[in-house]
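K.L.:
Sequence plus the predicted model coming up.
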Amino acid sequence: MTQTPELESLTEESLTRGLLVLANLDSDLARILETLGSPPIWSREPGFATLLCIILEQQVSVAAARAVFNRLCAVVVTLTPENFLILDDAQLRGIGFSRQKILYCRGLANAMPKAGKAYATGQLDLSKLETMDETTIRTELKRLKGIGDWTVDIYLLMALQRPDVFPKGDLAIAIAFQKLKNLATRPTPAQLEAMTQHWRPWRAVAARLLWHYYLSNANVKSVTVSQ
């Protein structure tokens, strides 16, 4: 596997630097920054619990997913793969898991190394992702059923704080971009990817600005459209 120890994670300092670069590149982003101020860095702790929470957020509002996650954490105080696997289908459905999300989250838990047991070939060690390049991380995570590009993007952007990840499959991002650029139709993920190339290497910072803008114009939270 390719390792890239030189990769920098986003910090408050580099977030500020990226915002200034983007403001000079794009007058619409500059307007968001001037009107709303800097967006939050929106960081999450790397690991199993965060990735499971992101899976719960697929195709639903962040608020709805967070409610299910909070109920899970009330039942499983220490959320490890081993403890999650103790719960049966009925318990998980009672917490609010759909049949599909039960399948995906069990698959994730089963794929991870267990405490006190030797690492087995093919297992997913999330702690090793931090030094890997984005392509390798994407390949590793997408081996699991239920994990697609959006889930990987959010994990890279929020848990690993990579500065140039852009979640082109996020509905809130698309809505914000359409409004910001005064487009007649909502851009597709492929169009978003093409139209944001000039924001490299700060697209994760631009994504935060777009979420910031979206949340200032709506009473709902981000809704996702892909895995």
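P.N.:
Here it is on my side, so go on. Numbering: from 1, shown residues only.
K.L.:
Nearest the geometric middle of the protein, what residue?
P.N.:
Centroid check for the chain by Cα atoms, centre = their mean gives Ile154 as the closest residue, at 1.3 Å.
K.L.:
Check the contact between it and Pro167; I expect there is one.
P.N.:
Yes - look at Ile154 against Pro167 with Cβ atoms under 8 Å: they come within range, at 6.0 Å. (Each C-beta comes from the backbone N, C-alpha and C, glycine too.)
K.L.:
which stretches of the chain have low pLDDT?
P.N.:
1-7, 115-121, 218-227 (pLDDT under 70).
K.L.:
switch to 80 and redo it
P.N.:
Applying pLDDT under 80 to the chain flags the ranges 1-7, 114-122, 218-227.
K.L.:
now the strands: where do they sit in it?
P.N.:
With DSSP state E as the criterion, the chain has no strands.
K.L.:
what are the ranges of the helices in it?
P.N.:
12-25, 27-36, 48-56, 62-75, 81-86, 89-95, 99-111, 134-141, 149-154, 171-181, 189-195, 203-216 (DSSP state H).
K.L.:
Looking at those helices, which is nearest to Trp42?
P.N.:
With Cβ to Cβ as the measure, helix 203-216 is the member of the helices of the chain nearest Trp42 (6.3 Å).
K.L.:
contacting residues around that closest one?
P.N.:
Outside helix 203-216, the residues that touch it by Cβ atoms under 8 Å, 6 or more residues apart in numbering are 10, 15, 18-19, 22, 26, 29, 32-33, 36, 39-42, 156-157, 161-167, 170, 172-173, 175-177, 179-180, 196, 199, 221-222.
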